[in-house]
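Asks: Sequence first, predicted model second:
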Amino acid sequence: MPYCPSCGAKNKDGARFCEACGAPLAVAAAPSPPAAPAQTPAAAGSFGSAKNLITVAACIYAFTVPLAAFAGPIGFLTALIAITVVLLLAYEPLRKGNVASAKTGVLIGAGLAVLYTLIDFVMGSPIAAVLNLIAGGALVAAYMQLK
Ligand SMILES: [Zn+2]
């Protein structure tokens, strides 16, 4: 027995309009369609993991600095350059939301990682070479997240 939401009059079952005032009656509260799923900013999430990957790469590079120092001033310098590139050209732009710049920075960082991996192998520092390879991998993964 539906009651009119407007005037409170009793109405017959199945009535669509109130007999007393004509207001439309809610018909057995049809289940309202589920609210459209909120558009979650998926991009923001991806950027978050890209940031994490870039941070990982920077940390690995930081770890290679003392290792590279053993190999001589060139190794030390290249590791410092790699950290600078990753932080200034990749992490910073991403933090500011400049994805295009961040992608370029990540690519440069990954390129350096490959170069340094070769240099470290030639200079007889396989541990540093492997670390650079991992850093490069993290940067490539970050790049994929930014696409
Ligand atoms: Zn009514």
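Replies: The structure has been received and is ready for your questions. Keep in mind the model is a prediction, meaning the values are calculated, not measured. Numbering: from 1, shown residues only.
Asks: what helices or strands is the lowest-mean-pLDDT helix or strand in the chain leaning on?
Replies: For the chain, scoring each helix and strand by mean pLDDT, DSSP states H and E identifies helix 42-71 as the least confident one, at a mean of 75. Identification of packing neighbours for helix 42-71 by 3 or more CB pairs under 8 Å, 6 or more residues apart in numbering; DSSP states H and E yields helix 73-84, helix 92-95, helix 99-122, helix 126-146. All C-beta atoms are positioned from the backbone trio N, CA, C, and that covers glycine.
Asks: what is the mean pLDDT for stretch 136-145?
Replies: Taken as a whole, stretch 136-145 carries a mean pLDDT of 90.
Asks: typo on my end, it should be stretch 1-10
Replies: 88.
Asks: re earlier: distance between the least confident helix or strand of the chain and the chain's centre?
Replies: 14 Å (CA atoms, centre = their mean, to the nearest Å).
Asks: Please identify the buried residues of that helix?
Replies: The neighbour-count check on helix 42-71 (16 or more other CB atoms under 10 Å) flags 46-47, 50-51, 53-58, 60-65, 67-68, 71 as buried.
Asks: interface residues of the chain facing the ion?
Replies: Cys4, Ser6, Cys7, Ala9, Cys18, Ala20, Cys21, Ala23 (CB under 5 Å from the ion).
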